[in-house]
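In: Could you look at this predicted model? Sequence included:
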Amino acid sequence: MSKIRVAIIGVGNCASSLVQGIEYYKNVNESDFIPGVMHASLGGYHIRDIEFVAAFDIDRNKVGKDLSKAIFTPPNNTTKFSDVPHSGIKVARGMTHDGLGKYVSEIIEIASGRTADVTDILKDTKTDIVINYLPVGSEEATKWYIEQILEAGCAFINCIPVFIASEKYWQKRFEKKNLPIIGDDIKSQVGATILHRTLVNLYLDRGMTIDRTYQLNTGGNTDFLNMLERERLSSKKKSKTNAVTSQVRARGLEIHPDNIHVGPSDYVPWQKDNKLCFLRIESRHFGDIPTHIDCRLSVEDSPNSAGVVIDAIRCCKLALENGLSGALFAPSSYFMKTPPKQYTDTEARALTEKFIQKYEKKEAKSEKNN
């Protein structure tokens, strides 16, 4: 079985959880139930078939370190749930651009030296797929990296709310290069967005209106610190808000912008990588009698999305092998908050399962049939 060769942009908490997760689940049986993962073996690829071949960051304390050490280097503060052996992959000096915000720059010192030749590194390592884990608001940095990725001939998974897979311009750029892309803005296993969407659909399914709703989130990782800078937050708010309002619009209904608020509310250092979500929906039932629900969700933020990325990686590899190009609509709809096309989460999962069955490796199909 061939490996899936993956490069990471941004060696933060999300990268740490992903790298740990590959190690943690590498020996599971194909029939095992894995929390947060669709299948131990997806389309013929086991979790252990994912291997990391390159990583990029700008933090002086991470650049030059082995990836296995860099993922546990402060300010990373997610839970350590697996030891990771020496990888032989040194974190390369990445491009800064707008990737470092005002508040995060107070705790991170940029590595000295020139930006590495990203294109050459991706080519030399024969990278299949590049994952974007840059901070929220890294618009120019993301677009700079994409140019290198297209030149190197790699597929792309955009885990942040910079709109790439959902934009026609970038879809066409990847189509011309015959490369697939999954995006935008990773949707966690059971996080604030998926919970909010599910509750909204529950109300709508039961014939209830959504009069007003909010989703407030607090956390203590660098993502929340970065989002104190409100001008970096617009794309994140747009992505999270649209993930909810799209479900209302799908029913031919509308919710006035003044009646919905979705977004981070504050940085609480002692929370570390734990995120607290406070969610409220106000509605009316029979006779226009008011009703409301208040919810509180506590999750470890970065591991909550790592399993979803593991599935996205394997779907992206199937697309590469089958010559698919541009935005992958079905996987994007299930894995991302702002895909090119929104579906309900139940529909998105069914479409993704059909995608896997259609494009899975021939060996996997024959094993199923025998």
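Out: Nice, thanks for sending it over.
In: For Phe52, pull up the helix or strand it's in.
Out: Element membership of Phe52, judged by DSSP states H and E, is strand 50-57.
In: What is the subsequent helix or strand relative to that strand?
Out: Immediately after strand 50-57, counting by DSSP H and E, sits helix 67-70.
In: buried stuff in that following helix?
Out: Neighbour-count burial for helix 67-70, counted by 16 or more other C-beta atoms under 10 Å, picks out 67-68, 70. Bear in mind the C-beta positions are built from the backbone N, C-alpha and C, glycine included.
In: what about it, average pLDDT?
Out: The average pLDDT for helix 67-70 rounds to 98.
In: who does it touch, helix- and strand-wise?
Out: Helices and strands touching helix 67-70, by 3 or more C-beta pairs under 8 Å, 6 or more residues apart in numbering; DSSP states H and E, are strand 50-57.
In: Tell me the buried residues in the strand it packs on?
Out: So strand 50-57, judged by 16+ other C-beta under 10 Å, has buried residues 50, 52-57.
In: Go ahead and name everything in contact with that strand.
Out: 3-11, 15, 19, 22, 63, 67, 70, 87, 89, 91-95, 111, 116, 118, 121-122, 125-127, 145, 310, 313-314 (C-beta atoms under 8 Å, 6 or more residues apart in numbering).
In: Can you add pLDDT and distance to Gly191 and give the buried residues of strand 50-57 back as CSV?
Out: Listed next are those as CSV, based on pLDDT from 0 to 100; distance: C-beta to C-beta, whole Å:
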residue, pLDDT, distance to Gly191
Ile50, 98, 22
Phe52, 98, 24
Val53, 98, 29
Ala54, 98, 28
Ala55, 98, 24
Phe56, 98, 26
Asp57, 98, 24
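In: hmm, what's the outermost residue in this protein?
Out: The centre of the chain is farthest from one residue, Gly287, which by C-alpha atoms, centre = their mean lies 41.8 Å away.
In: And that residue, how far from Leu202?
Out: 20 Å (C-beta to C-beta, to the nearest Å).
In: from the buried residues of helix 67-70, which is closest to Asn158?
Out: Of all those, Asn158 sits closest to Leu67, with 20.7 Å by C-beta to C-beta.
In: does Val33 sit in a helix, a strand or a coil?
Out: Residue 33: Phe, not Val. coil (DSSP: H, G, I helix; E, B strand; the rest coil).
In: scratch that, Lys341
Out: Strictly by three-state DSSP, Lys341 counts as coil.
In: Any idea how many residues pack against it?
Out: 13 (other C-beta atoms under 10 Å).
In: list the contacts for the residue lying closest to it once chain neighbours are set aside?
Out: The shortest distance from Lys341 to any non-neighbouring residue, by C-beta to C-beta, 6 or more residues apart in numbering, is to Phe329 (5.3 Å). Residues near Phe329 by C-beta under 8 Å, 6+ apart: 339-341, 351.
In: again, but for Glu300
Out: Contacts of Glu300 (C-beta under 8 Å, 6+ apart): 78-79, 273-275.
In: Same question for Arg48.
Out: Taking C-beta under 8 Å, 6+ apart as the test, what Arg48 contacts is 22, 25-27.
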